[in-house]
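Enquirer: Need the 3D shape of this:
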Amino acid sequence: MKWIVIVAGTLVALIALVALIGVMLPRDHVASVTARIAAKPADVWSTITTPADFPSWRSDVTRVELHRGDALLLCTDGLTKHVTDQQIAERMRARTSAEQVVRALVDDALAGGGTDNVTVLVVAGVRKH
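Expert: Now for the predicted structure:
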């Protein structure tokens, strides 16, 4: 009987520890990577629309998985010239839909001066198993 109480107490303590760690983790996480590409826009477009060239981008990356709540943002410098990374991250965190965040980011870029074409693509979704 003594061992059952010890095992049960240990399990309860482990469950409480996991719950405590879960509560301490941030609810939202936004990873931001910015790349400045010196190539002409036409060359970049050609590269991202040619599937045969995909393995040459990053040979160490074989796939990227999106999980529930994840989203990808692809944009031109028309957005990043006028909207800070922090503002973009805030819009992505507050998104209710991909369309909503795209419209908000384009509006932010235009309100910030909009001296260039603004292109924004947000991909959000869940792969069903």
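
Enquirer: Ranking helices and strands of this structure by mean pLDDT, which lands last?
Expert: Using mean pLDDT, DSSP states H and E, helix 54-57 stands out as the lowest-scoring helix or strand of the chain, at a mean of 66.

Enquirer: Low-confidence regions, the protein specifically.
Expert: Within the chain, the ranges that satisfy pLDDT under 70 run 25-36, 51, 53-59, 61, 125-129.

Enquirer: can you pull out the strands in this protein?
Expert: All strands of the chain, identified by DSSP state E, fall at 71-75, 120-124.

Enquirer: contacting residues for the residue nearest to G114 when sequence neighbours are not counted?
Expert: Of all residues not flanking G114 in the chain, H82 sits nearest, at 6.3 Å (C-beta to C-beta, 6 or more residues apart in numbering). All C-beta spots, glycine's among them, are computed from the backbone N, C-alpha and C. By C-beta atoms under 8 Å, 6 or more residues apart in numbering, the contact list for H82 reads 108-115, 118.

Enquirer: Would you quantify the distance from L74 to V120?
Expert: Taking C-beta to C-beta, to the nearest Å as the measure, L74 and V120 are separated by 8 Å.

Enquirer: Would you mind telling me which of the two has the busier surroundings?
Expert: When neighbours are counted by other C-beta atoms under 10 Å, L74 and V120 differ, and V120 comes out ahead with 22 against 11.
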